[in-house]
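Q: What shape does this take:
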Amino acid sequence: MPEFSRRDALRLTALASAIPAFQAMFPTAAGAATPATAATVGEGSAAGAVGASASPVPSSWVVKPFDNTRVTLAPSLFTDNRDRVLNFLHAYSADRMLAVFRTNAGLDTLGAQPPGGWETADGNLRGHYAGHFLSALCLAYAGTGEPAHKEKADYMVTALGECQDALGALVGTDDPAAPSHVGYLAAYPETQYIRLEQYATYPTIWAPWYTCHMIMRGLLDAYQHTGNHKALEIVLGMGDWAYSRLGHLPRTQLDRMWKIYIAGEYNAMPVVMADLYALTKDEKYLTTAKCFDNTYLFDAAVANEDTIDGEHANQHIPQYQGYLEIYEQTGEREYFDAAKNFWDMVVPHRTYVDGGMAGSGEIFGARDVIASTIQKSNAETCCVYNMLKLSRSLFFHTADPKYMQYYERALYGQILSSRQNTSSDTNPLLTYFVPVNPGARRSYGNLGTCCGGTGLETHAKFQDSVYFSSRDGSTLYVNLYLPSTLHWPERGLTVTQSTQHPTDPTGTSSLTVTGSGHLDLRLRVPYWAEQGFTVRLNGVRQRIDAKPGRYVSLNRRWRTGDRVEIAAPFTLRIERALDDPATQAVAYGPVPLVIRSSATAYQNLTLYRDYPLSRDLSSAIRPTGEPMTFTTNGLTLAPFYINTTDNYHVYFKRTEPEIVFGATATGIENRPGAEGLTFLDEVWDRGPFRNRGGLVRAVTAVSRDRVAAGELTADERHTLIKAAARADIAS
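A: The predicted model follows:
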């Protein structure tokens, strides 16, 4: 019999302390055998999902998620992309993902070669992609119940445990590969961590703690989504090792480490360490989570001072998710304030029309500077992945619909546009950047890169934010309009949503209830619902105060067969860049449209000549007969979610050189005012108009202000009012 080592004793002690805590929090998960019985921790949170009825949630939450196994998706554009990703997860070799780990641990690679990309035999980020791959497998299992996903995840966990054991056996020896403490698991020696503590910079080292996080997250997901006990054992060992490296370091040293570009990037390490604390109540894990406080940005965020201009976006977004986790465990308000204030610095101040992050490459731009950041390398997909997580978690604490409004924008915009509409067994075919510059093309692939990993996860969990419940279970929030079914056995309810979003411009969805009970049903009114939001209950139109960006409520006792019908017709919308109103984008309902063109200069569009009094853009941007596709100024606009490698333009330049009212010209230049809006912008922003008199009143008011500002003469004002009064404009 092999000798029972001190390392084995430590691991078993940690595991023994964690499992009862986890079973108390998630009574079905620790013994999970199938998705139907597994209780899932909400991504990035150790607190329970609605699916585990006895699971406590953080005291600060007012809303909580449903277990991923409780929401099933019906066919849609989202499931089309999901299934393409699941096909890749099913087909791609787990041994290739494990090759770099086995090599580092001195084990047989079984003839497998690393995937490539950043996952090479000598890559400084090697091992991170296996963490993404493992997380995606576990999310896929929770979402579909397909045993093959769990079997592959179990295989990876077992192999990672063997690598951890082999490395642990070297502790205390003279072997140069020996780690400093039991529990170490990586695809490279501990050297990168040591060099970071000596302030090595990129690219001498890459982000070792980033890689550590991805491995730990994958293992936590394996335990929390599939009930794999070995995964918990491994990740607790990694947590112990992380404490041994960081717990004794002075704050000044940690602060200096975390300021180093890329080398100091640690992703969501405070999240996984706070998760371990929530599971075990072992203070060393909370101490380690706080070691990742990035004080030079944290203090500014707490004070609501916007200092993120020029910062590496994805290096910092996950940190604020970590601060929320620490707040949930400690109640220390400054951590919540930092996360909330940071989000407000990004949305809408550094956000493109599709929800992508505005800046230069992977770097945040200045506040409210959008048009000036449009270039080839921008809108990194990982940033949106992390902003979705942060938005979701902030919603749990606040129930503020603004977080779900952004979630929808980014999900229907950049995320739906980030997977090529074709299948592959060997390539995830995901984007790294989703550029918005004129004549851009999307590039798909990214096997072995960060965005190729986060994309796997995102496409495996589309169901996780469709529905939420209030803390006490009395309220159901419908946040996304996706064809899906919610199974809520604790309330004896099933809710089935039927819709063709986002391909049906009627914007209709129906919710059918099975079961009975009193429930406050809250329906999110999308930000883009400009032509109204109507609700019918069992065929009877409801009297509701539906305002875009809020919720409407149907509070009643529900019975089997009750049917709620929602209509939010799509409209064509113009969205202006914050820093240059003449730089604009077009969206149709929640869907960004792009101009199909290989030109590398902005396209110039003139629209006001075709405006009716109703401001209905369909007179200026006309349907082609092809679904969701339009034409204007001789150009074709198509949905961004049509994922090709063709050239496109997300933004165009609005060119209205002369003030015109329909076919009535004035000969007066359409000059911008102090805020950058042209005269016609200001007039039509006051619409829609019921009749021509409304237009005349708007022209009268705007021209009065322009004369007062010295931007028009009195004679020009008189000419404009007369022209508006005689203009022949359709209503």
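Q: Got the phi and psi for residue 440?
A: With angles defined as degrees, to the nearest 10, residue 440 sits at phi -70, psi 160.
Q: what's the neighbour count on the nearest residue to it once chain neighbours are set aside?
A: Excluding the flanking residues, the one nearest residue 440 by Cβ to Cβ, 6 or more residues apart in numbering is residue 648, at 6.1 Å. Quick note: C-beta positions are derived from backbone N, CA and C, even for glycine. Using other Cβ atoms under 10 Å, residue 648 has 25 other residues around it.
Q: Please apply the same query to residue 426.
A: 11.
Q: May I have the predicted confidence score for the closest residue to it other than its chain neighbours?
A: Nearest non-adjacent residue to residue 426, counting by Cβ to Cβ, 6+ apart: residue 92, 6.9 Å away. With respect to pLDDT, residue 92 has a value of 98.
Q: I figured residue 92 hits residue 448, correct?
A: No - counting by Cβ atoms under 8 Å, residue 92 sits too far from residue 448 to count as a contact (11.2 Å).
Q: Pick out whichever of the two has more residues nearby.
A: Shown here are residue 92 and residue 448; by other Cβ under 10 Å, residue 448 has more neighbours (24 against 20).
Q: Show me how this structure divides into domains.
A: 6-465, 467-504+506-567, 572-726 (automatic domain parsing).
Q: Could you pick out the longest helix of this protein?
A: helix 147-168 (DSSP state H).
Q: buried set for it?
A: 149-150, 152-154, 156-157, 159-161, 163-168 (16 or more other Cβ atoms under 10 Å).
Q: Tell me which two of the residues you listed sit farthest apart.
A: 149 and 168 (28.5 Å; Cβ to Cβ).
Q: Could you point out the helix or strand that follows the longest helix of the chain?
A: Sequence order places helix 191-197 as the next helix or strand after helix 147-168, per DSSP states H and E.
Q: For residue 652, which non-adjacent residue is spatially closest?
A: Using Cβ to Cβ, 6+ apart and skipping the chain neighbours, the partner closest in space to residue 652 is residue 603 (4.6 Å).
Q: And stretch 80-99, end to end?
A: Chord length of stretch 80-99, first to last residue, is 30 Å (Cα to Cα, to the nearest Å).
Q: same question but for stretch 425-444, I mixed them up
A: Termini of stretch 425-444 sit 14 Å apart (Cα to Cα).
Q: 12 is where my numbering starts, stick with that
A: Okay, residue one is now 12; in that scheme the one you just asked about reads as stretch 436-455.
Q: buried ones in it?
A: 438-451, 453, 455.
Q: Show me which of those residues is closest to residue 268.
A: Distances from residue 268 to the buried residues of stretch 436-455, taken by Cβ to Cβ, are shortest for residue 443, at 26.1 Å.
Q: The closest one contacts residue 455, correct?
A: No - the pair residue 443 and residue 455 does not pass the contact test of Cβ under 8 Å, sitting 9.2 Å apart.
Q: can I assume the residue nearest to residue 663 is in contact with residue 646?
A: Yes - Residue 614 is within contact range of residue 646, at 6.1 Å (criterion: Cβ under 8 Å).
Q: still on that earlier bit, ranking the domains of the chain by burial, who's on top?
A: Among the domains of the chain, domain 17-476 has the highest mean neighbour count (mean count of other Cβ atoms under 10 Å), at a mean of 21.
Q: what residues are up against residue 691?
A: Contact partners of residue 691, counting by Cβ atoms under 8 Å, 6 or more residues apart in numbering, are 619, 667, 670-671, 681.
Q: Show me which of these is closest to residue 536.
A: Using Cβ to Cβ, the contacts of residue 691 come closest to residue 536 at residue 619, 28.5 Å.
Q: Assign a three-state SS to the residue most central in space within the chain, would you?
A: Ranked by distance to the mean C-alpha position of the chain (Cα atoms, centre = their mean), the top residue is residue 399 at 2.5 Å. When classified by DSSP: H, G, I helix; E, B strand; the rest coil, residue 399 comes out as helix.
Q: Identify the residues contacting it.
A: By Cβ under 8 Å, 6+ apart, the contact set of residue 399 is 418, 421-422, 426, 469, 476.
Q: Check residue 161 too.
A: 148-149, 152, 237.
Q: measure stretch 474-489 end to end?
A: 12 Å.
Q: In space, what's closest to residue 574 - neighbours in sequence excluded?
A: residue 523 (5.1 Å).
Q: got it, and residue 533?
A: Excluding the flanking residues, the one nearest residue 533 by Cβ to Cβ, 6+ apart is residue 562, at 4.3 Å.
Q: got the contact list for that neighbour?
A: Contacts of residue 562 (Cβ under 8 Å, 6+ apart): 412, 488, 533-536.
Q: Out of those residues, list just those in helices.
A: residue 412.
Q: Take the helix or strand containing residue 298, keep the C-alpha atoms, and write them as PDB.
A: Secondary structure assignment for residue 298, by DSSP H and E: helix 294-302. Extracted in PDB, the C-alpha atoms of helix 294-302 (Å, rounded to 0.1, in the frame of the first residue of the first chain):
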ATOM      1  CA  GLU A 294     -10.900  32.500   5.900                       C
ATOM      2  CA  LYS A 295      -7.800  31.800   3.900                       C
ATOM      3  CA  TYR A 296      -9.900  31.700   0.700                       C
ATOM      4  CA  LEU A 297     -11.500  35.100   1.400                       C
ATOM      5  CA  THR A 298      -8.100  36.500   2.300                       C
ATOM      6  CA  THR A 299      -6.800  35.300  -1.000                       C
ATOM      7  CA  ALA A 300      -9.800  36.800  -2.900                       C
ATOM      8  CA  LYS A 301      -8.900  40.200  -1.300                       C
ATOM      9  CA  CYS A 302      -5.300  39.800  -2.300                       C
END
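Q: So what's the gap between it and the chain middle?
A: Mean C-alpha position of helix 294-302 versus that of the full chain (Cα atoms, centre = their mean, to the nearest Å) differs by 26 Å.
Q: After that helix, which helix or strand is next?
A: Counting by DSSP H and E, the next helix or strand C-terminal to helix 294-302 is helix 306-313.
Q: Helix or strand next in line after that following helix, which one?
A: On the C-terminal side of helix 306-313, the closest following helix or strand by DSSP H and E is helix 324-341.
Q: Quick one: list the elements packing against that next one.
A: Contacts defined by 3 or more Cβ pairs under 8 Å, 6 or more residues apart in numbering; DSSP states H and E place helix 324-341 against helix 280-291, helix 294-302, helix 306-313, helix 344-357, helix 392-409.
Q: These: which one's closest to residue 138?
A: Distance to residue 138, taken as Cβ to Cβ, is lowest for helix 280-291 among the helices and strands packed on helix 324-341, at 14.5 Å.
Q: list the helices and strands that closest one packs on?
A: Contacts defined by 3+ Cβ pairs under 8 Å, 6+ apart place helix 280-291 against helix 17-36, helix 219-237, helix 240-257, helix 294-302, helix 324-341.
Q: Please identify which of those helices is closest to residue 380.
A: Closest of the helices and strands packed on helix 280-291 to residue 380 is helix 324-341, at 13.9 Å (criterion: Cβ to Cβ).
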